[in-house]
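Chemist: Make a model of this:
(chains A, B and C)
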Amino acid sequence: MRKILGIAVAAALVVIAGGARADEPPLKIGVIMTYSGPQATYGHQADIGIAAYLKAHGDTIAGRKLVFIRKDDTGLAPDVSKRVTQELAVRDKVDIILGGCWSPNALASAPIVTQAKIPFFIIVAATDGIPAKSPYMVRVSSPISVPVYTMGKWAAGKMGWKEGYSAVADYVLGTAGAKAFRKGMEEGGGKIVGEVRIPVSNPDFTPYVQRIKQVHPKVVQLFLPAGSLAEGFVKAYHDIGLAKDGINLISGPLSETQPTETLGDYVDGVYTAGNWVEDNKSPANQEFIKAIHETAGPNTPPGFVAMDIWDALNITRQVVEAQKGKFDPDKMMALMRGHQFTSPRGPIAFDEHGEIVQNIYLRQAVKVGDKMTMRDIDTLPMVKAPNLTQ
Amino acid sequence: MTADQRAGAPTPVPIADTAVADFRARARWQWYEPIFWLGAIAWYFLFPTYLPLGTQILCAALFALSLDLILGYGGIVSLGHTTFFGVGAYTAGLLAKNGWGEPVTCLLAAAAAAAIVGWVCSFVIVRVQGVALLLVTLGINLVLYEVANKAYTITGGADGLQGIAFKPLFGAFDYDIYGRVSYIYTLAVVFLMFLVARRIVYSPFGLALKGMRENWKRMPALGAALRRHGALIFVLSAAIAGVAGALLAESVQFVALDSLGPQRSIDVLTMLIVGGTGVLYGSFVGATVYMVARDQLADINPAYWYFWIGLMLVVVVLFTRNGVVGALSDLWDWLRRKRHRRGPA
Amino acid sequence: MLALFQGLVQVLFDGIAFGMLLFVMSVGLSITLGMMRFANLAHGVFAMLGGYITATLMHRAGLPFLATLPFAFILVAIGSVFLERFVYRRMYTAKELDQVLLTIGIVYMSIAAAAYIWGPEPVAFALPDYLTVYRHIGWFSFSTYGAVLLAFGTVITIVIFYGLERTRFGAMIRAAVDDRRVALGVGIDVNRVFAITFAIGSGLAGLGGALGINQLGLDPSFPIEYLVFFLIVVSIGGGGTVKGALVAALLLGLCDTAGKYYVPQTGAFIIYVVMLLVMLWRPNGLFGRA
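Modeler: Purely as a prediction, here's the structure:
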């Protein structure tokens, strides 16, 4: 009799314990990135970020297992993006989405996440104003205006370069970049003496750089997509000898990784303004880089997409742990807006629209010995996105 | 009575009569057609969480159908048909953005705008053939894409057209997160457009088109006004493509450059080749196969989508006569012949 | 006034150099289109392959850039032989649309394969300094790289013209382009001539791709990105003629460079408009025939 009771109690305990664990539903995270086509590198980088996070922090948050559901947005395609957001919301019933690889994609998804109350982290898109479209959207990537406006103000104010020239990509983001730079320059006491729009499908930069040489401004703002385009321009800038002429070049990110690695000597003397010094020695950054090297190999450079994913997941972890595993979307948004978080790039926070607030670092490429390195020049703390009323 | 007739030989039937009877037979609704449309309705009930996919398949199928009208029936190969899809999408989008959000009239406006652009292009299109035609159509698409990219104060450029808000359908049915209203609305419009296309194809005009496709050089000898026919079908096709674009804009409530992009032109050609050209349902089959395959493969391994679709294209071109529909109909014929052979020895 | 003249010379130099690059990459496509009437949209795949061969040999085997070029030519040429024999040969009499879609399918498969082998990221590539440094003759500054392109282009052009006009094989090529059936009739093995011509043309594309990485970049979607350029060269020049391809490539290079220098707002636009205008005026290209 006691034996049977003992077994019954044991069985009951097992059921309760098992049931208790079954009560902890997994935390479903939808990931909408570009996984196919020419821009598949974004999805690839996102996966690297996810793997790094899992290595560093494991696959549970507050006892809940993390389940990732990946969807391909196929590139700049708001129709596909909206559809997969809908599917993640109604079919997979995800709790959080990491996405926004392209501005139209993020914008098309906004009404869905508002209706379904799903917190949405914007990972890549840079057009100003997107997070304001939904109370459930926050951006962990950088809006264009922030580094560009900052560099304009710094160039004219701190460095005293009063004549600026904008070389921007010929599409709507480039225009926004030129506008933000102009605003910054003018607030710093300078002015814009010329502007050129470079088509994004351009193979050859020589004509544009030759033109700039003739106009002879004190500083050129470069705003081209990081990668072969920005690098191509810098090469032409170097080859045609503008730096020797006293024309400075300042730009946002030039490459997916360190420009000193991809461009070598070409990048000598170029200034960059960005939200992240990839090799900074802060503990948060070192932890991130270590996780990347452990999962993707020691030669994999840590990229900004992976870092944005890392930040989004870490913020999620802290916010969900603060709610003791209970996930409430509205509470989550309130918690995110009210706190400062530590990112590999430095401290970050979110303003009332969900827009990121972060440090901007100004650096210059200089030759130390026989190696090209980036030297820190200045840091502007916790820069909020400027109000660029159209 | 002729000597032959008295001898009991079968009365020869004039060729024209058999051709007409043949044509009439094909123009009648085949057994599989109601099955297809009932299936599309059943999708609504069977797959309630897949409605946005269904809506997008229907839009793609309508676009492919419009391309088939000029390509499969008219013999005009276009590498840039997205021009008209995009014109339709942006027309609907711009109207909605600037206050006029009534969905059905936006469709009509989109069709009209696309038709006008199609009419302008048709002057050039009907005067060129072969590789030159491919390049002219592609060139027009690329130029329009660049224009839309540059005119970002109007089109929003790479950021897309924001602030689009279509009013509820007929003032009563609002767009929901499941995409229910969108699906029914899109299905209804696509069905209507299909009927229009069907009417065109099985009409004397459609016959003339077929002749045009088969032998461009010979038709004037038979009295058909080639260029006028070519222009007319081109305009009709452009209008339908515009409707497809507007439908997509209405269901997504957002329009971006991909609606004008050359990539979409190649995608729709792929759908059509995979499904089968010159047969009305080829566009539906092709669109379904393409989009479902992409959706499923994307869940497994999205990065290598291009490999599989490339392989599909190569296999279809090398080994099938006319895509899936062609393969199915060949299979059907082969089965029928086997049955015949097994009949009276 | 002097500045205007200097600018003009600069544009001429850069434009012709770019045009030479386009010519080397596209001449193969022009000949194969003229000879077999085969619309090979996968031509860019050969250029991409040449680029990747060069990049791989430089990064893995440490070969200097110039030494990798023969490999780019030969390996791509050999590879193209297999493609021609096992896939393309069946399609010479197929409909245009089928040819277009078959070759697009091959492009897609190549893009995926390249992404799988070399990764989706653009190739980090740097030419040695002595090849990219800007040299000066008086007021005129030019890049060594541009001079290299000009040199290669000129040599290749001379070799091709000599080959076509003075050798027996060249005569066979010209015969096959002129009238395939008659050429067969006089006993020329057109299939073999075509296979060899195709291999040479593809090898040249590979060489062009390798030469062009510095300027055009290299990533798996190269064949699609630059397809338009090749098509424009071939359509403006007219299929089947080397002269046509040369003129068209130079014209394109000049228009593109001049456009970007003098009217930067229009950029890429200009070449599309030029193509449309030429197509409307001479649908068979400037030097082609119906």
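Chemist: What residues does chain C have near chain A?
Modeler: Proximity of chain C to chain A, by Cβ under 8 Å from any Cβ of the partner chain, involves residues C:3, C:7, C:10-11, C:14, C:18, C:111, C:115, C:119-122, C:124, C:126, C:129, C:132-134, C:141, C:143, C:215-217, C:219-221, C:224-225, C:256-258, C:260-261, C:264-265, C:267-269. Any C-beta I mention is one placed from the backbone N, CA and C, and that applies to glycine too.
Chemist: Just these: which are in strands?
Modeler: With strands defined by DSSP state E, the entries of those inside them are C:134, C:141, C:143.
Chemist: Highest neighbour count among the residues you listed?
Modeler: Looking at those with neighbours defined as other Cβ atoms under 10 Å in any protein chain shown, the largest count falls to C:S143 at 23 neighbours.
Chemist: ok, which residues in the stretch 51-200 of chain B are in contact with chain A?
Modeler: Looking at chain A, the residues of the stretch 51-200 of chain B close enough under Cβ under 8 Å from any Cβ are B:52-53, B:56, B:149-150, B:152, B:156-160, B:162, B:177-179.
Chemist: go again using 10 Å as the cut-off
Modeler: Within the stretch 51-200 of chain B, the residues that sit near chain A (Cβ under 10 Å from any Cβ of the partner chain) are B:51-53, B:55-56, B:59-60, B:89, B:142, B:146, B:149-153, B:155-165, B:175-179.
Chemist: From these, keep the buried residues only.
Modeler: Members of those that pass the buried threshold by neighbour count (16 or more other Cβ atoms under 10 Å in any protein chain shown) are listed as B:51-53, B:55-56, B:59-60, B:89, B:142, B:146, B:149-150, B:152, B:155-162, B:164, B:175, B:177-179.
Chemist: Now do the same contact list for residue 128.
Modeler: I went with chain A, as the question did not name one. A:103, A:139, A:143-146, A:173, A:176, A:179-180, A:355, A:385-388, A:390, B:159 (Cβ atoms under 10 Å, 6 or more residues apart in numbering or on different chains).
Chemist: other chain: chain C
Modeler: Neighbour list for C:P128: C:58, C:64-66 [criterion: Cβ under 10 Å, 6+ apart].
Chemist: where in the stretch 201-350 of chain A is pLDDT low?
Modeler: Along the stretch 201-350 of chain A, the parts satisfying pLDDT under 70 run over A:201-204, A:228, A:256-257.
Chemist: likewise the stretch 51-200 of chain B?
Modeler: Within the stretch 51-200 of chain B, the segments meeting pLDDT under 70 span B:171-172.
Chemist: Disregarding flanking residues, what is the spatial nearest neighbour of the one residue in it that gets nearest to chain C?
Modeler: Evaluated by Cβ to the nearest Cβ, the stretch 51-200 of chain B has B:A132 as its residue closest to chain C, separated by 4.1 Å. Here the nearest residue to B:A132 in space, its sequence neighbours aside, is C:P283; by Cβ to Cβ, 6 or more residues apart in numbering or on different chains that works out to 4.1 Å.
Chemist: same deal with C:R90?
Modeler: Nearest-residue entry for C:R90: B:L318, 6.9 Å, with adjacent residues in sequence omitted and distances by Cβ to Cβ, 6+ apart.
Chemist: For A:H57, see how far away C:A126 is.
Modeler: Per Cβ to Cβ, to the nearest Å, C:A126 is found 37 Å from A:H57.
Chemist: And A:G174, by the same measure?
Modeler: Taking Cβ to Cβ as the criterion, A:G174 is separated from A:H57 by 38 Å.
Chemist: Pick out whichever of the two has more residues nearby.
Modeler: Neighbour tally, A:G174 and A:H57, criterion other Cβ under 10 Å: the higher count belongs to A:G174, 26 against 16.
Chemist: tell me, what residue is most central in chain A?
Modeler: If you average the C-alpha coordinates of chain A and look for the closest C-alpha using Cα atoms, centre = their mean, you land on A:S141, 2.7 Å from that point.
Chemist: hmm, back to that, list the contacts of the residue of the stretch 51-200 of chain B closest to chain C.
Modeler: Residues in contact with B:A132 (Cβ under 10 Å, 6+ apart) are C:235, C:238-239, C:278-280, C:282-285, C:288.
Chemist: repeat that for 8 Å
Modeler: The neighbours of B:A132, taking Cβ atoms under 8 Å, 6 or more residues apart in numbering or on different chains as the test, are C:235, C:279, C:283-285.
Chemist: which one of these is nearest chain A?
Modeler: Chain A lies nearest to C:S235 out of these, by Cβ to the nearest Cβ, at 18.5 Å.
Chemist: sorry, back to before: show me which of the contacts of C:P128 are buried.
Modeler: If you count burial by 16+ other Cβ under 10 Å, the buried members of the contacts of C:P128 come out as C:58, C:65.
Chemist: now the ones in strands among the residues of chain C next to chain A as JSON lines including distance to chain B?
Modeler: Converted to JSON lines, those look like this (distance: Cβ to the nearest Cβ, whole Å):
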{"residue": "C:Y134", "distance to chain B": "31"}
{"residue": "C:S141", "distance to chain B": "31"}
{"residue": "C:S143", "distance to chain B": "28"}
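Chemist: if we can go back for a sec, show the buried residues in the contacts of A:D128.
Modeler: For these, a neighbour count by 16+ other Cβ under 10 Å gives the buried set as A:103, A:139, A:143-146, A:173, A:176, A:179-180, A:355, A:385-386, A:388, B:159.
Chemist: now A:F341: how far from A:A243?
Modeler: Taking Cβ to Cβ as the measure, A:F341 and A:A243 are separated by 38 Å.
Chemist: Oops, could you answer that again for B:A231 instead?
Modeler: If you go by Cβ to Cβ, the gap between B:A231 and A:A243 works out to 58 Å.
Chemist: So the two - more neighbours on which side?
Modeler: Set side by side, B:A231 and A:A243 show unequal neighbour counts under other Cβ under 10 Å, the larger going to B:A231 at 18 against 14.
Chemist: Could you pull up the residues touching that one?
Modeler: B:119, B:122-123, B:125-126.
Chemist: List buried residues within those residues.
Modeler: Using 16+ other Cβ under 10 Å as the burial test, the contacts of B:A231 include B:122, B:125-126 as buried.
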